Each structure stands twice: as structure tokens, then as C-alpha cells.
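1. here is my input; please provide its structure:
(chains A and B)
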Protein chains: 2
Amino acid sequence: MLNLAIVGPGLVGSEFIAQITRAKLPFVRIVAISNSRRMLLNANGLSPASWTTDLAASSTQTDLAELARHTASTATGTPGTRSVIVDCTSSEHVAKQYPNWLGQGLSIVTPNKKAFSGDSALWKDIFESAKKSKSLVYHESTVGAGLPILSTLKDLVETGDSISRIEGIFSGTLSYLFNNFSSPSPTVASASFSSIVTKAKSLGYTEPDPRDDLNGMDVARKVVILARVAGLELDLKTLEVQNIVPKELQSATSAEEFMKALPSADKHFDALNEEARKEGCVLRYVGCVDPVNGCSVKLAKYPLSHPFAALTGSDNIVAFTTSYFPSPLIIQGAGAGAAVTSFGMFSDLLKIARVNGLC
Amino acid sequence: MLNLAIVGPGLVGSEFIAQITRAKLPFVRIVAISNSRRMLLNANGLSPASWTTDLAASSTQTDLAELARHTASTATGTPGTRSVIVDCTSSEHVAKQYPNWLGQGLSIVTPNKKAFSGDSALWKDIFESAKKSKSLVYHESTVGAGLPILSTLKDLVETGDSISRIEGIFSGTLSYLFNNFSSPSPTVASASFSSIVTKAKSLGYTEPDPRDDLNGMDVARKVVILARVAGLELDLKTLEVQNIVPKELQSATSAEEFMKALPSADKHFDALNEEARKEGCVLRYVGCVDPVNGCSVKLAKYPLSHPFAALTGSDNIVAFTTSYFPSPLIIQGAGAGAAVTSFGMFSDLLKIARVNGLC
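-> Presented below is the predicted three-dimensional model:
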């Protein structure tokens, strides 16, 4: 049996509960759910049908230490049973609990990037604690959501392959913006960059303040995670990240003010696009892990025949160039959204179930 | 500890031994190696450095039943140890032993398609026997070599996703032939089909008789495997497979005679190519699993903007269109060759190691 505690059941967490409920796996049971205020604990399993109303009606204040103790205790003394905390938050505070939780025998499944892209000391604590207590940590959805990117990289590394380069488009938002702004088709006249950002914002594709996408920090976190899984030491602080928000707009005091001023940057982006077009290229915002030449996050030019040029919609894509795959292994598809993020977490859960011989 | 028996150490098997030796995993040991004539057995582990000469000098005749008994016995009574038969042959006779071997507690890792694309009774026997004895069977490399195609499909199925369509180019040979014959670039003048086949044959990309590629049977076996992993019942006998060898050349009595006569078919292939080009398409030889409209293996037309059109070299590609991924999840890369086939088998071995808590 896998006993799950769902921490932070927002959009992704709710979808995750819906997916595991629909799959009707006989070996999965939810024993705890908590949001930032309230929690529900039940060692015999909570009702997936009524958890939203039950949680809203709960009088138990959230206490993560208590939630962890409760969840761990449901597996104690029951061979074949494992307790798993499914962290659906993006909270650094929650991430910092992982080493302690793992030490208690709890396993972790999460799309939360904070623990894996923050201080390298926390990364080390997490994996040492997991090793010592034979607990499991899976975080496929921290990069490219449900796309099998981290599991593939892990296999390449553990089978002794030599990684020459990992290169990809890891932000659905930046994928959408540049696929539309810089199309490989000569017949597509490009709309202005500001109008594409405006449209993306209205579709809910951007953060409330689009500068939080355009500054590249989300991509940077993913590059740090990829580099570390590849066995490199990399820190957010030392990574070269290109913020494509023009300097004069970085100081705008609100998202509204920024969006109002953005058309003033259209000439700048048009010039970059024209320069690329003259070289037979398109613009793509790309993260790159390269053990020899270093890691980077930046706007770059790609020839029209390159797989990155043909990307559409808001798809993510990654290309692994290795000793086994001198012509790269490529994985492409939706890298954001509740369904695919939850699918990545569910795949992680199945890995834990397989270790326990449950499927 | 994982105790391995390597059956059929040819090109792929030798590479597999080289890869696991290079990776220096402390929990892997080779306890048996056999080719069609001789075998080596040693419960304490064989030397990966001298196995070729040791095997050539062995006076023990190959006896698969004895090899299985020996390999199984090396794990008996040793908790945490598992014995694995790594079948590197393409032999149907070896494949038929799987149910019996699994019943003895042996696990299986193999790129051999015979067991999984043959009689559906054998498929059922294999997975029932594995379930009963808690043995493991992995065959990632039967489709797309080391590309994470089957593991991804398994995750989609087990997480309750609904598969609408699996479509792909699953033959490196047919990929190479049509990527070169039917290029999306308007500036590339196509060579004749026969000259491309001749070149591919001289590069060792085709079977000794290229009709064994062109008849589509290798792709058909992969489509049967994909369909079965997706939960469908499909048999080679009932699958619609397009043999693109023109009728009048099917009866050629030797590969030489066939190659000599092939230029007579160039007009036919040129006409197909021209028809595709007029529709703004290229030709690709594609396998398709579709639970509603049925499965097929055939030469088809794809628009220039389709990911299959942009394929180069002899890459494989697969697109999963599902409920989670309405815009398809795509995996692309080398789908043939000793290094990547062995990598797929090694990834399977790591999955078994993880179940045993070894990594």
C-alpha cells in the first residue's frame, strides 16, 4: 500500500487526486491533505469524492510536522507499505522539510522546483537523507512537466553515458512567445512582440507579471536541476541568465505599467528577429547544459532546419547529445498544465509502487 | 546483487557486456554466457575482460535448461539478489523459454521481438508467469532501441490516460530511405529510389536482402508490441501491412537478383513521390496504433510542417496523442545500432536494480 499526504491541493494537486482516483489503483490511499490553513488526517483513508468540502470544514490547523508524523506512522510496522508526501506547492518552506521527512522514512513526489534548484546544500541533504533511510525522491515534473526528461537523463547518467550537451526550450510561455514571434514560415508576417505577450497574458499563458517569465529565472531553475541530475555542480547564482526585459522596463513598478510600456520595446525585438531572419534563423529562448563549455540560459538563433525551429504552440523540447546519441535523443510535448504535470507526478508514484512490488 | 546470464553475445550482447563493465556497478555480476554452441557458467562471476577467449575455449555445450537452472540457483536463498537472463538473440526458440524461466524466478531483459510480437498466447503466458512468480520482464529495446518509448507508453496506460493514436517511424532503414528519397527541401533533387537502396545496403543499413526491410514485417512486429502494451489485442496475422516491394520483384530468387531488378521500380516510386510533392507532402513509412480506427503499417503522405517530414538520417520517431497530450508527446532519435540497443537493455536492468533497492 502507498499512503499519500497531499500538501497544497491547488490546480495541480486537485488534478492529481482526480487522476489517481480515476485510475482506481487498489494500492493507493490518501491519508492526509493540507492547504496553507487546514488539514485532514485519516490513517484509514480520506474520501476522494468529498475532500474539498471535508477540508473546508476541517477544524484542524495545518501543522506540517504533525502531518509528517501522522503520514509516516501509517506505514510503520506494515511491510510492503510506504508513505509518500506529494508536495504540490511551490513553497521553499515546504521544500526545506524534505531532508527531515525523508529521514522519517517518508518518500517525496513533487513538481516543486525549489528544493532542487536552490542551495546546493539542500540538494545534498535531500539525497543523503534519502540514501540513509532508503526513502525515495522523484521530481520528474520539475522539468518539462510529464515529459520523460529527468528519468531519461538519469538512465543516461547511470548507464555510464557521457553527456556532451543538453539543450532545450523549457518554458511553455517563452516557447509560445517566440514560436509566434519568430516563425520559420516565410509567409507568416510576425505580429509585434508586445501584442503577442498581451495575447499570451490574456490566455493565462504568462505569470501575472510577464516579466517573471521574460527574466528567464524559471528556465534557469530547470537548467540547474538538469545540470545536477547530470552530475554537475551548478548554482542559480553562478548561472549566466539572459533577462530579455529591456533595462528601461525592468524598473516598471507594476505589471500594468510594464505592459503599457512594452510596445516601446517592439523595435528592439523586431531588430533581433530581422537579424536572425537574414541569417536563415529563428529566435528561441533556450537553456543549455554543457559540461565543457558551461551552462547558459539565453535567446539564441537556430537555423530553420533545426527541430527547435519547427516547434509550435507552447510545447517544450529537449535534445540530449551524448556518446550513445551523437545525433540527439529528442523529447517534445506540452511542458506545462495541470494534466501533464500531474501525469509526471503519477508516473513518479508508479516508480515507487514498482519498487514496493505493487505493480 | 543482480546475477546475469547473457544469451547470444553477438554485436549487441558484446556491447552490453562492455557497457555494464564500463559502468562498474558494484551490484552486477555475469554468472553465465552462452552462444549457440558453447556456454560458460560460474556462480562467482565471469571475467568481463576475458569472456570472448574463455567462451571460445569452453568445452561445455550450450544447454539452455542447464543455463537457466544454474542462473536461478545463484540467487536462491540470498535475499536482495535477483537473477536475470539477458536474451540478446532474435531467436523464437529462446523466446519460447521465457514463461518457464520466469516461473523459476528468473527475470528477463531483451531486445528480442519474437516473444512479444508472436502468438498472443505466448504474450499471455509470459506476463502471467511473471506475475505469479514476481519476476520482471523488460523489453524497451524491442521498439526504437534505447528511446524511452515503451516505458513512456506503460506510464500513460497505467496512469489511466486514454490513448487516441500512436504513430511513428520505427525502422531506421525505412527512415533513411524515405528521408533521402522524399525530402521536404524543394532544393534537394531526389536520387532514384534504387540508388538510395543500393547506397543504404553498401553502408550496412539494410538487411542482407533489403526486401526484409521493405516488406514492413519488422515495423509490423513493433506495432504489435506497441498495441499490446497499450492494452489492445493485436496479432501479426490480422495486421494490415503494406509490402512496398513491387509485386514483380517479390519473386526474385536472391538479393542480388532483386537489387539488379530494382531500377525497374524507380518510375513507380517517382510517381508516388511526385504525387506527394504536388500535395505539399513527403512520403514516410509509418506504423500506427489507433484503438478506434485500427492499426496499420504503410507508406503515407505527411505535410512538410509535420515532425515526421523533418526527420533526418535514420532516426526513429514516435508521436503519442492522448487525453493528457492532445498535442502529441514526441520522442525521436537513433532507433537502431548496438550502442543504443544496449543502452535500452541497460536502462531495463536499472529498473530491476531499483526494484531490488540496489540503486
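2. quick check: which ranges of chain A have low pLDDT?
-> A:188 (pLDDT under 70).
3. contacts only, for the residue nearest in space to the middle of it.
-> Central residue of chain A (C-alpha atoms, centre = their mean): residue A:142, 2.6 Å from the mean position. Taking C-beta atoms under 8 Å, 6 or more residues apart in numbering or on different chains, we find residue A:142 in contact with A:110, A:111, A:112, A:113, A:116, A:117, A:150, A:221, A:222, A:225. Any C-beta I mention is one placed from the backbone N, CA and C, and that applies to glycine too.
4. can you tell me, leaving aside adjacent residues, what's nearest to the closest residue to chain B within the stretch 51-200 of chain A?
-> Residue nearest to chain B within the stretch 51-200 of chain A (C-beta to the nearest C-beta): residue A:160, separated by 3.7 Å. Nearest residue to residue A:160, sequence neighbours excluded (C-beta to C-beta, 6 or more residues apart in numbering or on different chains): residue B:23, at 3.7 Å.
5. secondary structure element for residue A:184?
-> In the assignment (DSSP states H and E), residue A:184 maps to no helix and no strand.
6. neighbours of it, how many?
-> Using other C-beta atoms under 10 Å in any protein chain shown, the number of residues around residue A:184 comes to 20.
7. that one contacts residue A:284, doesn't it?
-> No - contact between residue A:184 and residue A:284 fails when scored by C-beta atoms under 8 Å: they sit 10.5 Å apart.
8. give me the common contacts of these two.
-> Contacts common to residue A:184 and residue A:284, judged by C-beta under 8 Å, 6+ apart, are residue A:309.
9. next up, the contacts around the single nearest residue of the stretch 1-150 of chain A relative to chain B.
-> Nearest residue of the stretch 1-150 of chain A to chain B (C-beta to the nearest C-beta) works out as residue A:23 at 3.7 Å. Residues in contact with residue A:23 (C-beta under 8 Å, 6+ apart) are A:346, B:158, B:159, B:160.
10. and of these, the nearest to residue B:325?
-> residue B:159 (11.7 Å; C-beta to C-beta).
11. what is the burial count for the residue nearest to the closest one when sequence neighbours are not counted?
-> Leaving aside its chain neighbours, residue B:159 sits nearest to residue A:346 (4.2 Å; criterion: C-beta to C-beta, 6+ apart). Using other C-beta under 10 Å, residue A:346 has 28 other residues around it.
12. wait, is residue A:346 part of a strand?
-> No - Residue A:346: not assigned to a strand; according to DSSP: H, G, I helix; E, B strand; the rest coil it is helix.
13. my read: it touches residue A:17, true?
-> No - if you go by C-beta under 8 Å, residue A:346 and residue A:17 don't touch, sitting 10.6 Å apart.
14. need the residues of the stretch 251-359 of chain A near chain B, please.
-> Counting by C-beta under 8 Å from any C-beta of the partner chain, the stretch 251-359 of chain A comes close to chain B at A:305, A:307, A:310, A:312-313, A:315, A:323-325, A:327-334, A:339-340, A:343, A:346-347, A:350-351, A:354-355, A:357, A:359.
15. are any of these buried, and which?
-> Among these, the ones that count as buried by 16 or more other C-beta atoms under 10 Å in any protein chain shown are A:307, A:310, A:315, A:324-325, A:328-334, A:339-340, A:343, A:346-347, A:350-351, A:354-355, A:359.
16. so which of the residues you listed sit within strands?
-> A:315, A:329, A:330, A:331, A:332, A:333, A:334 (DSSP state E).
17. tell me the helix or strand right after the helix or strand residue A:130 falls within.
-> Using DSSP H and E, residue A:130 maps to helix A:120-133. Following helix A:120-133 in sequence order, the next helix or strand is strand A:137-138 (DSSP H and E).
18. parallel or antiparallel, which strands does that next one pair with?
-> Strand A:137-138 pairs in its sheet with strand A:107-109 (parallel), by DSSP bridges.
19. flag every buried residue along the strand it pairs with.
-> A:107, A:108, A:109.
20. what of stretch A:241-258?
-> A:241, A:242, A:244, A:245, A:249, A:252, A:255, A:258.
21. chain B: which of those residues is nearest?
-> Nearest member of the buried residues of stretch A:241-258 to chain B, counting by C-beta to the nearest C-beta, is residue A:244, at 25.0 Å.
22. ok but that closest one is inside a strand, no?
-> No - judged by three-state DSSP, residue A:244 forms no part of a strand; its state is coil.
23. so what's the closest residue to it other than its chain neighbours up against?
-> Distances taken as C-beta to C-beta, 6+ apart put residue A:214 closest to residue A:244, at 5.1 Å, once the chain neighbours are dropped. Counting by C-beta under 8 Å, 6+ apart, residue A:214 touches A:174, A:197, A:243, A:244, A:245.
24. do the same with residue A:241
-> Contacts of residue A:241 by C-beta under 8 Å, 6+ apart are A:215, A:216, A:217, A:219, A:220, A:296, A:297, A:298.
25. of the residues you listed, which belong to strands?
-> A:296, A:297, A:298.
26. quick one, which of those are buried?
-> A:296, A:297, A:298.
27. for the last one, which non-adjacent residue is spatially closest?
-> Okay, so that is residue A:298. residue A:242 (4.0 Å).
28. and that neighbour, its phi and psi?
-> phi -90, psi 120 (degrees, to the nearest 10).
29. show me where the stretch 151-300 of chain A has its helices.
-> A:172-181, A:193-202, A:211-214, A:217-229, A:247-250, A:255-261, A:266-278 (DSSP state H, counting those that start in this stretch).
30. list the contacts of the closest residue in space to residue A:277 that isn't next to it in sequence.
-> In space, not counting the residues next to it along the chain, residue A:277 is nearest to residue A:182; the distance is 7.9 Å by C-beta to C-beta, 6+ apart. With contact taken as C-beta under 8 Å, 6+ apart, residue A:182 is in contact with A:190, A:273, A:276, A:277, A:282, A:283, A:284.
31. and these as TSV, adding neighbour count?
-> Output for those, formatted as TSV (neighbours: other C-beta atoms under 10 Å in any protein chain shown):
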residue	neighbour count
A:190	16
A:273	20
A:276	19
A:277	18
A:282	25
A:283	23
A:284	24
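32. which of those residues lies closest to chain B?
-> Distances from chain B to the contacts of residue A:182, taken by C-beta to the nearest C-beta, are shortest for residue A:282, at 13.7 Å.
33. bridging residues for that closest one?
-> residue A:302.
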